[in-house]
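Chemist: Just to be clear, the model below is a prediction. Sequence and coordinates:
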Amino acid sequence: MLAFLVCLCTGAIAQTKNISGTVRDADDGHPLAGVSVRQPGGKAVPTDVQGRFTIAVTSGALLEFYAIGYEPQQVRTGAQDSIIVRLKNKDKQLNEVVITAYGATKKQAFTGTAAVISNEKFKDLQVSTVTGVLQGNASGVLAINSSGQPGENPTIRIRGIGSFNASNDPLILLDGTPYSGSINSINPGDVETITILKDASSTSIYGSRAANGIIQITTKRGKGKSHFEFSGLTGFSRRAVKEYPTLNASQYYEMAWEALRNDARDNPALLTQFNVPTPEAYASKQVVPRLVYNPFNVAAPVGENGKLDPNATMLWNDNWMDEMTRTGVRHDLNMNVSGSDPANTIRYYLSGGYIQDQGIQKESEFKRYSGRAKIDATPVKWLQVGVNSSLAYSSQNYPYQGNAAASNGIGFARTIAPIYPVYLRDWKTGDFLLDGAGNKVFDYGNNTTELGVLRPAAQNRLFNQGQNPSGTTSINPITYERLTANGNAYAGVDLFKGLSFRSQYSIDYNQVDNNTFWNPFYGDGTTSGGLSYRAVTLLYAQNFSNAFTYDNTFGQHHVNVVAGTEAFRRVSEVTSSQRTGFTYARPTQPSYGTTSTADGYKEVFRLQSYFARAAYDLADKYHLSLSVRTDGATRFAKDVRWGVFYAAGASWNLDKEQFMQNVDFLSQLKLKASYGTSGNQALPGSFPYLGTYSAGANVGSTPGSVINTVANPSLSWETQKQLDLGVEFGVLKDRIMGSFVYFDRKSADLLFNRPLPNSTGINSIADNVGGVKNTGFEIELNTVNIRTSKLEWRTSVNVTRLKNVITEAAPGTNQIVGGSWYEWFIQEYAGVDASDGKPMWYKDDPANAGHKVTTKKYSEATRYHLGNRLSDYTGGITNTLRYGQFDFTVLASFALGGKFYDADYAGLRNGMVNFGNNASTDIYKRWQSPENPGDGLTPKLSTTADNGSSVSSRFLYDLSYMRIRNITLGYRVPERLLKRAHISNARFFADLQNAFTLFGGPKGADPEAGINAATSGNNTTASKIFSIGINVGL
Amino acid sequence: MIMKLSRIILPAILALLVFSACKKDFLNTPSPEDGNLTDNIIFSSKAGAESAMTGIYWIFRSENYNGYGGDPNNSGNLTCRGLQTTMFFFEVRGNDVFEALRSWWRWETAWEENANGRIQNGSRTRQIWDMFYKAINNANAIIKYTPAITGASDAEKAALIAEAKAIRAYSYFWLARSYQYTYAKNPNARGVPLYTEPASKDSKGNPRAPLKDVYQLILSDLEEATTKLTDERSGKFRINRNVAQGILAEVYQELAMADGTLWQKAIDNAKAARNGFPLMTNTSYAAGFNDLGNAEWMWGFPVPEDQSLTYYSQYSFMDLSGGYYRNIYYNADFVGKYSATDTRRALFTDFGDNPAAPARKWGSRKYRSRLTTSITGDILVMRAAEMYLIEAEGLAQQGKLQEAIDVLFAIQGLRDPSAVKPQASIGKDNLINLILLERRKEMYGEAGVYYFDLKRYQRDLVRTGNHPYILNVPAADPRWLVQIPLSEIDANDKINPEDQNP
């Protein structure tokens, strides 16, 4: 009882007085009628329908509150004459329900392994997407972003990666029915719980669809008195980690000078060719013509001593990163109304949400408008019907990022040498050059102030000539508009004793409209006379499931049997058109171009299934669950189309046993085990087993086609077998609760694009080869560290250990049995040769097997297995403090082990080989002479290629990191202040996302670089977001 | 009562619903024919087989291997797209044509052993290897399945098979010359793996066949092609008898370096090949090298504007005004080899002496985009001038110096109105060198003839003049060999690291 004691002592004086108050449900705040209120030993008074009561007590006395289904509560009265008491639902604790496939089960009877994230847990964290909720909050789940573009879906993996080429995406069930739309179209504000089903016994009834686990999203439903909630926030974002430090203009000029001097030292013929006496003179003379742009006011800015002329001042000094990025602004507004009629026969939930999220990169933006209507009705006792529909529209501006495009904004800003101006300048004076109308003109590296007139090629900027994303991102818009509609209707009938039937139909519609425009004058569109591209992608998915359920209890025996069928149909199609040859910079529509191309294709997929499950519970102690499912998939040929999957699970609630009754400290103890099979068919394409040609290989007006895939009629199911062994416990009256689960997930006959030698003319064939196993354990621990009347401190920790082991190597690959799929198989860097500063790598010693020797030829270097992309341990820690009206939450996620490859950093470590490209300030650790060898890793500067920045262990780092994902401080306005405004609850909060990142990689690297643990294409990365907001309930 | 009734009717309706959802055809309804072009559709008709044939030419023209937007681990490379870039790769490895603005083609020009060079980890070897082997596999499918097509006469089927064999031979010829030294150096040297069946589920990698086996297949394919093909074709992009003879002339030119008796076959085929393709006028020569309609062009690929290769196109690099990169320059030594009256000399543009960048003196107007709105021009693969020069070289090799001079002068005299006919007295070796020089002067920028002539004659590359990357690559240097892609070695059991070129 101490646990729920709320102390309202204020220095009491003993005297009798009338105290009135209201009793409410602690969860949703609805008033509780019929609660008995009394002083210990005194006479009880009941609360009325509005939950109100009045009782005469002595000041400072204890009041007891009792209600059926609620935890009893004691409250000490104080000086005030009005109190509000919140009673906690008893069932909530003991009969916590786990939503499973085709039904729900009591948590204690659940034989599987699931991570449950309730709204309680994430409502105070300011996440705008459902996937954001998954990060760090559940064991066994990896949710990794690979981009900082708002509105992008992260990669979600449950218990590692079981399939090589088939999909590893989990099945998403929205209110019990498979959801095919974008998970980010679901507003987290509408979500009641997210349950991640991981083991075979809880997923197997979904057969092949659940090969990668299930994410069950249950939306809120109405309950009790009409209730209105509003929340809103405004935030500001910038890059979570600081940008990679790079050279400034004078440093850049000095390093370029040194590279040229070294060139001439290595190749004295240059001295004669350029008629100079010394390598130093060559460098001083050549540095300006070679870099083309000279931002200094002197003709030869670097003297023969290799130092910048002290009299040199800069004619321009533009910061491209500032030019391309900004502080993003974010707004997030949500409101909902919910409730039910007094008889609870109609429950409704209506919501609307709006989010606007600007990316760090200029023009990058995401807006989403979403609405949901959910109605559940029980018109007669034996019939349940309901409709849940949602509509979300989003628009996304997605300027090039994370790809090799020359106009990739972040890549451009990061890698352009700091000597180039944003606008055209007079190279002598530094003054802006103006066009006929007197406006500044962007410097595209090859243009003049006159539109369409290029400069002599020798005056072109060395870096990405013809490009200036600062000028083009706004005039070359790339947008995605998405419309997601989801409708889900069900009807359930209670037939005879315990037998019921439920039919559920859902449809998902997803529409993506991509528009890309390149103006004909500047940037990407210059070579094609502009370009306008429009692609419309449509997805229609229907799911129809029908199942009978028999549920009955005979004394201590509880039986639950489900049997049914399911049919799934998905059609996706893409229609695109493109025109080039534009005369004007606008309008942007294809119609205004001259030369057109169009494309279209359609993919169909169908799956038909039969399933059954039987569960048996004895005396709430012993639980057994068996399931079987068969799936037929159109992706395979007729004879090999069907797969059968089964699972069994058992659990034992030891705490219910007689012999455990004397173990006082233990409040819960459950052992569980499950084993089962699943399958995967989710290869891309409709008919991967067919030998096909691709059309469209036209030469002029003659139609052509080329071989696309090779037939493999025996292509069939990838199989999975998963074993789970676990224990769940609660001690000290559940102040410490936790679970430990060991899992072993084996995949065989993998759907694998088996590599064929390129000389066969086909690079790979879809086949069933190879095997892998993902093993590990998951620990979840929730503790209440301090619980006093004013202060509560809770901690929850989850840790996942994951090991990916190859059990059978796929032919044609470099896999080795016992290794991991996710090993880095790359060249091993051996540092620089101290005598000449050239980079070296290891290769196998041909004369002495098992030994390594160094080589200076990159093409000779042997590739070695040098660590894993997957971390050994991942997890999250959440600490929540409540003090009076304040709440404070810190969520941290971490990864231990694994290797991270920083290709973006490698791009900044290519010495001075590519004039025009910037370099990391780590270039100062270069080799300069045998006496001054630098860090032993950074080669001598030169303008000839040395492969120093080619893929090797030089840029491989320990992936261990920790990120403070959320720090949230909230203040709940005392209800007595709100009462007059008819507000039931209000909370103000401030939130800081991705506040700190502890990582041992290069400065500037963000460790969350996608599931492959490698940066690429200078993509945008996670943002640090500060927001403030309010939640209000009426 | 009503409730009772509904409790009976409802399950009946529900059961009906359940069964209707499990209709047998549910899984059989989606038909591959709606969206997948299967091989049995392709090889059901003559039009289908022709479409598969056209696809191979499309591979040569446009396929994007490791180019911009290609393989994420190996992309962003503008110098990897189709046969034109293969040919230009060997152009910039010579001495006459080079990159001078340190942009695309810089590494190739400098013979750097990096990702853009010839090494196994690079993109160039994938571009060459994958493109030709993809063409070979597609050709093998046509060879195998054409006999069963309907709606074609036996002669038409034979012609389709012959054309596919010519494509296969042409591809193996490129591979053999790229991945090994010249045939004459060692006919038993490891060439490239041979495949005469289309890839299937059970395909395995083959070992590197000796050069002589590779050339045996090339010859048998081409001898068949030259007999079964006619001079008719549906478009100039396709191989007809003339083109097959032209390829055969090139092959014999290579083999005759080992066996002098083969020069006669080179001569005969070259002569037959150019029949009907008169040398272009000097006006046409100055028209931009972008028009497949040019009467001298024997073989080339049309590039209409909607199939433009934009900045990938060689015009992007070479066209001084319509190009995008405009970074290709020409060696002053090479320009100096033209006489002042040579009409081809007039196409060079003098940018003047630039002490800071001596390499940027000479540009050329030989290649110009056909359109001003986009960088577009047809792609030249073979023309009659090369056939004249093969013939002249063959005659000179046979010691028929005067005949050789007459053939050579057909070009020299046309291009330079004041040209002086060489005298037979200069001797065989000098004449051969004159012919080889004429190949460079007439065909620079086209197909890497200088590079392959150096290889064929096993001569050193000695860079001279204002070339920005002065090099000396001895004839025996391993860098003359492109390395086999690492991905091939990884996936092919029969080609192991020890089988790699040095």
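Modeler: Sure, I can see it. Numbers count the residues shown, from 1 in each chain, chains lettered A, B, ... in the order given.

Chemist: For A:Ala300, list the residues it contacts.
Modeler: Applying Cβ atoms under 8 Å, 6 or more residues apart in numbering or on different chains, we find A:Ala300 in contact with A:Ser284, A:Lys285, A:Val287, A:Val288, A:Asp309. Every residue, glycine included, has its C-beta placed from N, CA and C.

Chemist: which ones among those residues come in contact with chain B?
Modeler: Restricting the contacts of A:Ala300 to those near chain B by Cβ under 8 Å from any Cβ of the partner chain leaves A:Lys285, A:Val288.

Chemist: residue closest to the middle of the chain?
Modeler: Because you didn't say which chain, this covers chain A. Nearest residue to the geometric centre of chain A (Cα atoms, centre = their mean): A:Pro154, 2.9 Å.

Chemist: nope, chain B
Modeler: Relative to the mean C-alpha position of chain B, the nearest C-alpha, by Cα atoms, centre = their mean, is the one of B:Leu83, at 3.6 Å.

Chemist: Which pLDDT value goes with that one?
Modeler: Each residue has a pLDDT score; the one for B:Leu83 is 94.

Chemist: now the one 4 residues further on
Modeler: The predicted local distance difference test score for B:Met87 is 96.

Chemist: What of B:Thr146?
Modeler: So B:Thr146 comes in at 95 (pLDDT).

Chemist: Am I right that it is in a strand?
Modeler: No. B:Thr146 is assigned helix when assessed by DSSP: H, G, I helix; E, B strand; the rest coil, not a strand.

Chemist: I'd say it and B:Phe43 touch.
Modeler: Yes. Using Cβ atoms under 8 Å, B:Thr146 makes contact with B:Phe43 at a distance of 7.1 Å.

Chemist: Test my guess that the residue nearest to the centre of chain B contacts B:Leu380.
Modeler: No. Judged on Cβ under 8 Å, B:Leu83 makes no contact with B:Leu380 at a distance of 10.4 Å.

Chemist: Please tell me how far B:Val214 sits from B:Gln500.
Modeler: Look at B:Val214 and B:Gln500: by Cβ to Cβ, to the nearest Å, they are 17 Å apart.

Chemist: Which of those two has more residues huddled nearby?
Modeler: B:Val214 (26 against 18; other Cβ atoms under 10 Å in any protein chain shown).

Chemist: Whether the helix or strand containing that one contacts chain A - can you check?
Modeler: Assigned by DSSP states H and E, B:Val214 belongs to helix B:211-228. No. Helix B:211-228 is not in contact with chain A by Cβ under 8 Å from any Cβ; minimum separation 12.3 Å.

Chemist: avg pLDDT for the next helix or strand after that helix?
Modeler: Following helix B:211-228 in sequence order, the next helix or strand is helix B:241-255 (DSSP H and E). On average, the pLDDT along helix B:241-255 is 98.

Chemist: Pull the residues that contact the helix or strand just after helix B:241-255.
Modeler: Following helix B:241-255 in sequence order, the next helix or strand is helix B:263-273 (DSSP H and E). The contact list for helix B:263-273, computed with Cβ under 8 Å, 6+ apart, reads B:226, B:242-243, B:245-246, B:248-249, B:252-253, B:256, B:298, B:384, B:387-388, B:390-391, B:393-395, B:397-398.

Chemist: give me the residue from the stretch 151-300 of chain B nearest chain A.
Modeler: As assessed by Cβ to the nearest Cβ, chain A sits closest to B:Gly205 within the stretch 151-300 of chain B, at 3.6 Å.

Chemist: Could you check how many residues crowd around that residue?
Modeler: Using other Cβ under 10 Å, B:Gly205 is surrounded by 19 other residues.

Chemist: which ones are touching it?
Modeler: A:Leu756, A:Pro757, A:Ser759, A:Thr760, B:Pro193, B:Glu488, B:Ala491, B:Asn492, B:Asp493, B:Lys494, B:Ile495.

Chemist: Next: B:Gln314.
Modeler: Residues near B:Gln314 by Cβ under 8 Å, 6+ apart: B:Gln84, B:Thr85, B:Phe88, B:Tyr367, B:Gly377, B:Ile379, B:Gly445.

Chemist: And for A:Pro684, the neighbour number?
Modeler: Using other Cβ under 10 Å, A:Pro684 is surrounded by 12 other residues.

Chemist: Report pLDDT for it.
Modeler: pLDDT at A:Pro684 comes out at 80.

Chemist: Over to A:Asp991?
Modeler: The per-residue pLDDT reported for A:Asp991 equals 88.

Chemist: So A:Thr429: helix, strand or coil?
Modeler: Using three-state DSSP, the structure places A:Thr429 in coil.

Chemist: out of everything not next to it in sequence, what's closest to it?
Modeler: Once flanking residues are discounted, A:Thr429 sits nearest to A:Leu315: 6.9 Å by Cβ to Cβ, 6 or more residues apart in numbering or on different chains.

Chemist: Just give me the neighbour total for the one you found.
Modeler: Using other Cβ under 10 Å, A:Leu315 has 18 other residues around it.

Chemist: What of the one 5 residues further on?
Modeler: A count of nearby residues for A:Trp320, using other Cβ under 10 Å, gives 24.

Chemist: That one: what's its closest spatial neighbour, skipping adjacent residues?
Modeler: Nearest one to A:Trp320, counting by Cβ to Cβ, 6+ apart, is A:Ala413 at 4.0 Å.
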